[in-house]
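>>> Model the following, please.
(5 chains)
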Amino acid sequence: MAGPHSRRSAKAGLPPGTLVHLGKHVSEKTAITVVNYGDDDFRIKKVSSVEECLSLIDVSMVTWIDVGDISDAKTIETIGSHFDLHPLLLEDVMNADQRPKMDDYEKHLFLVLKVLFIDPGTGRIESDQISFVLGKKYLISFEERRCDLFTSVLDRLRIGKSRLRRSGPDYLLYSLIDVIVDNYFVVLEIIGDNVEDAEAKLVSGTKAETLGAIQRMKKDLIYLRKSVWPLREVLSSLERGESELISDTLRVYFRDIYDHSVHTIDTIETLREMLSGMLDIYLSSVSNRLNQVMKVLTIISTIFIPLTFIAGVYGMNFKNIPEIGWVYGYPSVILLMILVTLAMLYYFKKKKWF
Amino acid sequence: MAGPHSRRSAKAGLPPGTLVHLGKHVSEKTAITVVNYGDDDFRIKKVSSVEECLSLIDVSMVTWIDVGDISDAKTIETIGSHFDLHPLLLEDVMNADQRPKMDDYEKHLFLVLKVLFIDPGTGRIESDQISFVLGKKYLISFEERRCDLFTSVLDRLRIGKSRLRRSGPDYLLYSLIDVIVDNYFVVLEIIGDNVEDAEAKLVSGTKAETLGAIQRMKKDLIYLRKSVWPLREVLSSLERGESELISDTLRVYFRDIYDHSVHTIDTIETLREMLSGMLDIYLSSVSNRLNQVMKVLTIISTIFIPLTFIAGVYGMNFKNIPEIGWVYGYPSVILLMILVTLAMLYYFKKKKWF
Amino acid sequence: MAGPHSRRSAKAGLPPGTLVHLGKHVSEKTAITVVNYGDDDFRIKKVSSVEECLSLIDVSMVTWIDVGDISDAKTIETIGSHFDLHPLLLEDVMNADQRPKMDDYEKHLFLVLKVLFIDPGTGRIESDQISFVLGKKYLISFEERRCDLFTSVLDRLRIGKSRLRRSGPDYLLYSLIDVIVDNYFVVLEIIGDNVEDAEAKLVSGTKAETLGAIQRMKKDLIYLRKSVWPLREVLSSLERGESELISDTLRVYFRDIYDHSVHTIDTIETLREMLSGMLDIYLSSVSNRLNQVMKVLTIISTIFIPLTFIAGVYGMNFKNIPEIGWVYGYPSVILLMILVTLAMLYYFKKKKWF
Amino acid sequence: MAGPHSRRSAKAGLPPGTLVHLGKHVSEKTAITVVNYGDDDFRIKKVSSVEECLSLIDVSMVTWIDVGDISDAKTIETIGSHFDLHPLLLEDVMNADQRPKMDDYEKHLFLVLKVLFIDPGTGRIESDQISFVLGKKYLISFEERRCDLFTSVLDRLRIGKSRLRRSGPDYLLYSLIDVIVDNYFVVLEIIGDNVEDAEAKLVSGTKAETLGAIQRMKKDLIYLRKSVWPLREVLSSLERGESELISDTLRVYFRDIYDHSVHTIDTIETLREMLSGMLDIYLSSVSNRLNQVMKVLTIISTIFIPLTFIAGVYGMNFKNIPEIGWVYGYPSVILLMILVTLAMLYYFKKKKWF
Amino acid sequence: MAGPHSRRSAKAGLPPGTLVHLGKHVSEKTAITVVNYGDDDFRIKKVSSVEECLSLIDVSMVTWIDVGDISDAKTIETIGSHFDLHPLLLEDVMNADQRPKMDDYEKHLFLVLKVLFIDPGTGRIESDQISFVLGKKYLISFEERRCDLFTSVLDRLRIGKSRLRRSGPDYLLYSLIDVIVDNYFVVLEIIGDNVEDAEAKLVSGTKAETLGAIQRMKKDLIYLRKSVWPLREVLSSLERGESELISDTLRVYFRDIYDHSVHTIDTIETLREMLSGMLDIYLSSVSNRLNQVMKVLTIISTIFIPLTFIAGVYGMNFKNIPEIGWVYGYPSVILLMILVTLAMLYYFKKKKWF
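Have a look, this model is predicted:
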């Protein structure tokens, strides 16, 4: 997790539109994949220079440019000036701490999304930023870090005569967002499993580390919700067909992923309520255990303290304690102690203290 | 309960509209019931193949096709292509983890609902998905698992001259939803009884398992609310008469079940507030019991500790403790002990500690 | 209180519009009062058969039919068919667990309200349902159980030349609702008194039953709010003059009772916040008392435990404990004990523990 | 504070528009001040009879009638019939438990506001109701109890050539509301000071009465919020210029006091959050103190209980306990006790228990 | 922090538009900077008298007047009368406790914003008020206290051919707001660091002062949110292009800082939720520590109390206790004690009490 506050301060004081990279990952080499496709043709090429990339654009086909690294200001700027992108748009591309959003620049549409995954090392949620620029005949995707989510879409593109091949870049955009949102379910299911694990552990016995785990999962869910809530608004406006770059036949598709995003939010809220319930159970079971321990102490102490007092009385060194001289003095006192014990046990039993 | 996260991840990476069954139940044989009815006629037939089903459709009458299993992609696909249903609609039919919703595909209306029932084994709430496709002359219902809720509607259909027979498929749809929503009250009343049982148990004495029961009921209510909230929106838009497939005379009927759904939500919220109150009482009574036990310990300890000390003093082996040699030494000390006890009892009584 | 879940399940599976009585009260005889009034005339008659009632309707005057029992389906049905009321409306009349609401059936207006009162036996809030059907020249009121709230309105009707006599049934409806809402203040003031009683008791000392009383009042307020919140919406749409059956000059009157309903909600929320505050004080004072008891135990134990140890040391039977043989051994030890006690008392005093 | 429930029940059953005084203050004599002013003239007169008051109205000037007591129904009625005020408006004037509101009666505007002040005796917030009737050429103000807030406005009126003198009654209304809202800041600052006092006391040490003070201030703020929230809506609709009686040039002035009311609400919310935080600190510090006391007990008990046991062992009267006869038996045991004590102190130190 | 309630009361009773300075800072000398710029020219001059300032205004260029002190009513008034500013606007300029807001006075636009910074001494958030008056050819900025945030904008102005130089005062306004909002991130990151520090301290061990620090940060965030929430509304209406003084090409720029403000609010909410979680952990860990201490006490006491009792029994002075005379009496009792100890340790181990 990038933490709730990324280093925005690095930009304070700079003029607006200044391209400064804000992100976690810097790769040595800009990795750009250029895909051209149409009804009958499909070409894919990995290039390392942005000039080569631009030379590959074929206006008779749909072009998808996938930029796998956003740390190099020059690359972003060159692409920006070629496609006539606004400086603030380019700034947003390079700042990997954006909220998901959609900006309509008439000639093109700008979208910022978050790809979520579980870091295998820490088990925490990580997020990478992906931004899309959708034009009439092209789609540009900027990935904070190359991830392998899009390979399934590429595979479908490769197959001729698929709906994806016959459609414009808007359907490609939809397919990519669909893959990203589907991946949220994968992440959510892992968290859901963790929540249920923690719940099972709670039932079998209270461990001190459970509290930390609950808080950690709560923080993860806050983070997740921050990514999904604004996405829902983005998808809602796509569904309403506000942009002319998205053909009307696609609205039903965007409604579908809109439904998915609502489903995701629902699940997040349910998990949050489950965690709250678990916290209640945890705190209550901790106090119940203390309760149990306290009761045993009470009972043992309450039984022995009077007995010890009786023993103390006959340990006094007074010259004339008559009982001390009696033949059955000792057994009588032992009997008295047993009676006192039984009386107290009966009292506690009646009070249902154990 | 299906759990807050069903295995959506199985679909990640597949192209949109791919028919993959997501649900708990798989039956070996697709069970389809085809009902044709009109003013003067009523025909019902159970078929096992989808082709036979389609051959039975009679365009001069109203046709109700009830598909009692959604696990077979081929069946769903054949029906879909016959009625010209959108692939995403078919996908939603097969994924049994949808939120209740209504999609308007102009030529037909698509509704997803949840049937709720109490699992007799675990006492927990279970939900099955039912989706409806309403056309001009037909209604298709897809049940995740065949349930016996619809038999009462069938019985009413069988009787000639009923309003149901004289009306179109929209009134049939209304009747089926009415039966489903009425069933929510049955489920809610069982939960309500459980809540009152748990409350009665709370009053008569605090048991450790009550907390678990409260949390379980809370989770059930969260689950229930997730089914009913979106349903309310669905019914609200049906009431507003947004679709042309629903005749205007039916709007007052949908307003009626809309009222029922609001009533359900009200009851759910009331039960949730009752459970919160019970949690407060539970936690407070647990701490009160501890309080009570602690007070008894305090009083017994506080009385005996000074007495034991006095006994200890006269158990010391000093050569010249004058009191030890006194004739009335022992009775005096006993008297002293009684006085100390009485003084402390008086003090505690005055402080209202018992 | 009817409890949060009334037996709606009795109706599951029945066709819509089936008249089944859902309510707490069944009287043996339907009690109907028919009132006809106009500028110059006023006639009132109690009838026991619905046919007699209908024969008394005088179209040249305003007719008010007050049905004092809703358990007899035949009565409701006969009235319904005479005034051409929708089956669902009649169903709502007989089901006494409706939420307050207003349905506009163009030719007539249907309102459901709740009359609240305090049950003298249990001190809990009870509610009865009252529904109104307002037509051009008539008003029908259905009371779940005859209550004596309306007598003041009857008295005003009896007096000639009153505004009530000169106006149509809409002003009569307003007068009846005004009486019902005014009665809410009576109920709220009783609850308010109970809340202040409980608060006074809290201040003077904490009793175990206070918690139960607070929870009971909380539940009563939840119940009350459920009756008043939807009423507010009803009155708001009456104020906006949405129905043609209500003359425009009455809108200012409905605004007035709308203000009253908002005032009621305000008071309910204030009482709820007061109860929450009292719960905090209660729980805190319970823990404070425990705190106090614990401190006394601590101090007494902490003082006597070291003293008992000192006594124990000189109770040991070692042959050569030099102090034992000393002449001033015993007084020295007693002095030591007094010094230890004073040192501890000084320490506790300095720590402000008592 | 009038308490959350004033005696509305006194009015239950009375016909609407019945003038019954609901308020805390009854003065023996109606005090009416009549002010006439225009560009060149200013006349003020205190009258005791309502007839005299009406005779003083000068249609060529602006008239401000300030009624300093609302307990006399006859006065209110006479004024009402002269200015053609609606009976419900007069009813609202006499019922001093209204929520702040604005009713537009076309020919005149009716406003209800609350004047807040701190009762010097109890230190609690008190509120008086002030209602205004604004006409074309006149303003009537009804004060529940004469307060001296308006003297500053009178002083400004007295001065010739002021904007106030040149403007109509709408500007006068604005000036009076401005004075009332400004006074809220005075009240809020006193509460704010109290909150900070209580906070300072909390930091320096926890006193039992702090909890009560926090709860009292919380209740005051709830009460305050109830007065200010509806006022905000009133000012918002005045700012939007919905009434023709308010000239458009005044809208910027009402926007200004609208801003003030929002500022007030902000401050109230901040104070409420501060009080919640203080409650947390209070409860936590109470439990921390207990914690501290418990730890001292634990440590002292845990140290002395084993020592006392050792002493007890050598206090046994067995004939052949070899250690008892040893020459260094006693010093050895004392040494053992010291070692045990040191070991335990080291253990507790390592555990950071003190 | 200025505290939640600034001394507004000082103004109660004064006529509206009276210029009274409400603020923390008073400088001896009004510091005004006048900047004139255009495509080819840039002039900057610091003046100390307001008359000199006004003489420098050049209508052929854009003029930026930066007033670095708002305590002198005469200065404000002179500027106000020159630019024809409304008295209420000038009042708002001088009252440094405004909420951020935007008022549209047709001929000019008035904005109030807050500059935030961390006081180096106390580590708390401080805020200064900055108000802007935007005209056709001029921008006036009033700073509560001169701060050095605007130097970066001045530096950019100095450079010829920059976008800033070629644009009107609206772009200058945007640049200044951008600098102010960027600075919020700097402040938020410092708070974020403090939150994480406190969290790390919590994990490593619970210190009493942590609670105070959490509460302090909570208060800071409440304060921060009060500054940012209304700002968001201001920026939203600027983005919607409601004023004609802002050219349409700037709307995309204001959308950008609107996004930043939403980002800020998001971060504040996340930090607040983190602090709440930390409070839970803190309270729970405090009670866990007590729990731990209690368990050790329980175990030690429970083990030694029975042993001490056994020792007490054989410390009694009865003449005929047979065991006392036995040869192996003493070792048998020691053995008995060891067995009792082991039994209890086994029992506690089985119960998992340590």
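
>>> So which bits of stretch A:220-239 are buried?
Buried residues in stretch A:220-239, counting neighbours by 16 or more other Cβ atoms under 10 Å in any protein chain shown, are found at A:220-232, A:234-236, A:238-239. C-beta here means a position set from N, CA and C on the backbone, and glycine is covered the same way.

>>> try stretch A:82-102
Across stretch A:82-102, burial judged by 16+ other Cβ under 10 Å covers A:83, A:85-102.

>>> repeat for stretch A:144-153
Under the neighbour-count criterion of 16+ other Cβ under 10 Å, stretch A:144-153 has A:144-146, A:149-150, A:152-153 buried.

>>> Does the residue of chain A found nearest chain D fall in a helix, a strand, or a coil region?
Relative to chain D, the nearest point of chain A is residue A:315 (6.9 Å; Cβ to the nearest Cβ). Following DSSP: H, G, I helix; E, B strand; the rest coil, we place residue A:315 in the coil state.

>>> how many other residues sit next to it?
Counted with other Cβ atoms under 10 Å in any protein chain shown, residues neighbouring residue A:315 total 27.

>>> I figured it hits residue B:313, correct?
No - between residue A:315 and residue B:313 there is no contact, the gap being 10.9 Å when judged by Cβ atoms under 8 Å.

>>> residues from the stretch 251-354 of chain A in reach of chain D?
Counting by Cβ under 8 Å from any Cβ of the partner chain, the stretch 251-354 of chain A comes close to chain D at residue A:315.

>>> Do a quick rundown of the helices in the stretch 251-354 of chain A.
Using DSSP state H, counting those that start in this stretch, the helices of the stretch 251-354 of chain A run over A:251-313, A:322-325, A:329-350.

>>> for the second one, packing partners?
The criterion is 3 or more Cβ pairs under 8 Å, 6 or more residues apart in numbering or on different chains; DSSP states H and E, and the helices and strands that helix A:322-325 contacts are helix A:329-350.

>>> tell me which residues of the helix it packs on are tucked away?
Buried-residue list, helix A:329-350, by 16+ other Cβ under 10 Å: A:329-330, A:333, A:337, A:344, A:348.

>>> Could you identify the least confident member of the buried residues of stretch A:144-153?
Least confident of the buried residues of stretch A:144-153 in the model: residue A:146, at 79.

>>> can I assume that one is in contact with residue A:68?
Yes - with contact defined as Cβ under 8 Å, residue A:146 reaches residue A:68; the gap is 3.8 Å.

>>> What is the neighbour count of the residue lying closest to residue A:313 once chain neighbours are set aside?
Spatial nearest neighbour of residue A:313, excluding adjacent residues (Cβ to Cβ, 6 or more residues apart in numbering or on different chains): residue B:311 at 5.0 Å. Residues lying near residue B:311 (other Cβ under 10 Å) number 25.

>>> interface residues of the stretch 51-200 of chain A facing chain E?
Residues of the stretch 51-200 of chain A lying close to chain E by Cβ under 8 Å from any Cβ are A:86, A:88, A:91-92, A:97-99, A:101, A:103, A:105.

>>> And the helix or strand of chain A with the lowest mean pLDDT, what's buried?
Lowest on mean pLDDT, DSSP states H and E among the helices and strands of chain A sits helix A:322-325, with a mean of 80. Neighbour counts over helix A:322-325 (16+ other Cβ under 10 Å) mark A:323-324 as buried.

>>> ok, stretch A:145-165 near chain B or not?
Yes - Stretch A:145-165 lies within reach of chain B by Cβ under 8 Å from any Cβ, at A:152, A:156, A:162-164.

>>> Tell me the most packed of those, by neighbour count.
Most neighbours among the residues of stretch A:145-165 next to chain B, by other Cβ under 10 Å: residue A:164, with 20 neighbours.

>>> check contacts around that residue.
Counting by Cβ atoms under 8 Å, 6 or more residues apart in numbering or on different chains, residue A:164 touches A:153, A:156-157, A:171-172, A:175, B:15.

>>> if we go to 6 Å?
Under the criterion of Cβ atoms under 6 Å, 6 or more residues apart in numbering or on different chains, the contact list for residue A:164 reads A:156-157.

>>> number of nearby residues for the spatially closest residue to residue A:14 that is not a sequence neighbour?
Nearest non-adjacent residue to residue A:14, counting by Cβ to Cβ, 6+ apart: residue A:20, 6.7 Å away. Neighbour count for residue A:20, taken as other Cβ under 10 Å: 11.

>>> For residue A:20, report the pLDDT, please.
For residue A:20, the pLDDT comes out at 79.

>>> swap in residue A:307?
90.

>>> Tell me if I'm right that it and residue E:309 touch.
Yes - with contact defined as Cβ atoms under 6 Å, residue A:307 counts as touching residue E:309 (5.3 Å).

>>> can you pull out the strands in the stretch 51-200 of chain A?
Using DSSP state E, counting those that start in this stretch, the strands of the stretch 51-200 of chain A run over A:62-67, A:101-105, A:108-118, A:125-134, A:138-143.

>>> The residue lying closest to residue A:261 once chain neighbours are set aside and residue A:251: what is the separation?
Counting by Cβ to Cβ, 6+ apart, residue A:261 lies nearest to residue A:232, which is 4.5 Å off, once chain neighbours are set aside. Residue A:232 is 16 Å from residue A:251, where distance means Cβ to Cβ, to the nearest Å.

>>> How about residue A:166?
Using Cβ to Cβ, residue A:166 is found at 18 Å from residue A:251.

>>> neighbour count winner among these two?
Higher neighbour count among residue A:166 and residue A:251: residue A:251, with 15 against 12, using other Cβ under 10 Å.
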